[in-house]
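**Q** no sequence on this one, just coordinates:
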DNA sequence: GTGCACCAAACTGTATACAGCTTATTATTC
DNA sequence: GAATAATAAGCTGTATACAGTTTGGTGCAC
């Protein structure tokens, strides 16, 4: 019962990660043969994986010309942030209705535990990981797997820009200020959930995400410069 | 510049429609060879199309066993309805912010034009088509293509059950009552949009969709009986 | 008759071949 | 020298072949 991860899954996961990290550059054409060689497989399973990624919004496809990386534009990213608002706020509403006190308490203790790390951690990737985990755990309490899947997809498509955004925040503002604000936003949301105050929770969540959305245009600009400069 | 629709697109569209209509029965295993023969193609492009449908939630995939139709369960359908609430309400908020008066007026006149049909039309498919068109047109006014795509996907996955639900409503209640209520819900939503009253619009939309969600369990039960009975 | 082992048929997973289209390069004309 | 046409190279789209796995059926033991 161990052999679950199939070859096409392996290829799919590898490509998904590459696409998420913009290892394929925006609008870049993807060469199936070289990708297949790199992943030590033939073109057939590679194409299957790429087709899934098209349906998930990571790639695009043009008949006769093949697969391309999705483009990276402020508008597109803002759309994704708005979709996040939609999904997370609805999930939150259902969470307030359905989550048990125990489940909420568990999330509170996670927040308690991760709070110190927020202050000391200087790896943006890890910070983002903690942030995403909180949001995903919260969404799971909605008991709606569709919303969870959608949020997971959105997170993966938006991550690169969020990471860039986080880095630029950290360089421009004191760590304590920006991250403490982030953290307290989570506390405010969760406190409202504990009170079973759906409206307050949703309002807090909305403004929490919206704040980041407004930075999207700048973040995309920075992202572009990062993508086309050899290294940092 | 005419030849845009590729072969795999044709196959994809055909399979998507079959999956949406549950021409593949719930949890049924899909035979690639016979499907390929039926669509007059080889297995390769068929598998590519099926992979896209997996990513879109129409099918599932098990390593070594191939593709299966998604299962049909009340919980799953209720999840989809909730996701619809999430997407449509957020789209509506953005629509209230962004739609021009002209765009809204256009939708009002569509509603005026379709109102008579609501009363006279006795084809559930056509009724559902008009309903979906209204919702999609409204969503498009959000100017958020991501939300539009998501809603389109949800509509296609939920359609079969909605159709069954609509048929059963029509047989149990007088046409005028149930459909007039449906129609007036659209009017109420749109009137709130005209007043630029986002909260009222969202509240109306939420209860409009929620009402149908509550019928999901029954509708799925009826759907099953329809699927496994030769004809009506 | 039930459970288990074995076998055969059927189906999936992937490599490969090749036709047709797209893109890049070179040659040609003005 | 720039624009365009012709040509070559490369890449995509799909059929096909075959290996490996799953599934269904048969016979045997109990």
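**A** Noted; the coordinates are in hand. In this text, all values refer to a predicted model and were calculated from it rather than measured experimentally.
**Q** mind giving me the domain ranges of chain A?
**A** Domains of chain A are assigned by automatic domain parsing as A:7-69, A:74-227.
**Q** which one of the ones you listed lies nearest to residue B:34?
**A** Closest to residue B:34 of the domains of chain A, according to CB to CB: domain A:7-69, at 19.5 Å. C-beta: built from backbone N, CA, C; applies to glycine.
**Q** circling back: worst mean pLDDT among the domains of chain A?
**A** The weakest mean pLDDT among the domains of chain A belongs to domain A:74-227, with a mean of 91.
**Q** that one: end-to-end distance?
**A** 15 Å (CA to CA, to the nearest Å).
**Q** ok, now stretch A:21-31?
**A** 17 Å.
**Q** what angle sits between the helix ranked longest in chain A and helix B:145-172?
**A** Longest helix in chain A, counting residues (DSSP state H): helix A:145-172. Counting by axes from the mean of the first three to the mean of the last three CA atoms, to 10 degrees, helix A:145-172 lies at 160 degrees to helix B:145-172.
**Q** near chain B at all, helix A:145-172?
**A** Yes - using CB under 8 Å from any CB of the partner chain, helix A:145-172 reaches chain B at A:145, A:146, A:147, A:149, A:150.
**Q** contacting residues for the first one?
**A** When contacts are counted by CB atoms under 8 Å, 6 or more residues apart in numbering or on different chains, residue A:145 touches residue B:79.
**Q** could you do the third one as well?
**A** Contact criterion CB under 8 Å, 6+ apart gives A:87, A:90, A:91, A:94, A:139, B:79, B:82, B:83, B:86 as the residues in contact with residue A:147.
**Q** where do the helices sit along chain A?
**A** Using DSSP H, helices in chain A cover A:7-20, A:32-38, A:43-55, A:74-98, A:101-120, A:124-140, A:145-172, A:175-194, A:198-213, A:216-227.
**Q** list the buried residues for the longest one?
**A** Of the residues in helix A:145-172, those scored as buried under the neighbour-count criterion (16 or more other CB atoms under 10 Å in any protein chain shown) are A:146-148, A:150-151, A:153-169.
**Q** distance of the closest residue to residue A:154 other than its chain neighbours from residue A:202?
**A** In space, and not counting its chain neighbours, residue A:154 is closest to residue A:84: 5.1 Å by CB to CB, 6 or more residues apart in numbering or on different chains. From residue A:84 across to residue A:202, the span is 13 Å (CB to CB, to the nearest Å).
**Q** compare those two (neighbour count), which wins?
**A** The neighbour comparison of residue A:84 against residue A:202 (other CB atoms under 10 Å in any protein chain shown) goes to residue A:84, with 24 against 20.
**Q** contact partners for the more buried one?
**A** Contacts of residue A:84 (CB under 8 Å, 6+ apart): A:151, A:154, A:155, A:158, A:209.
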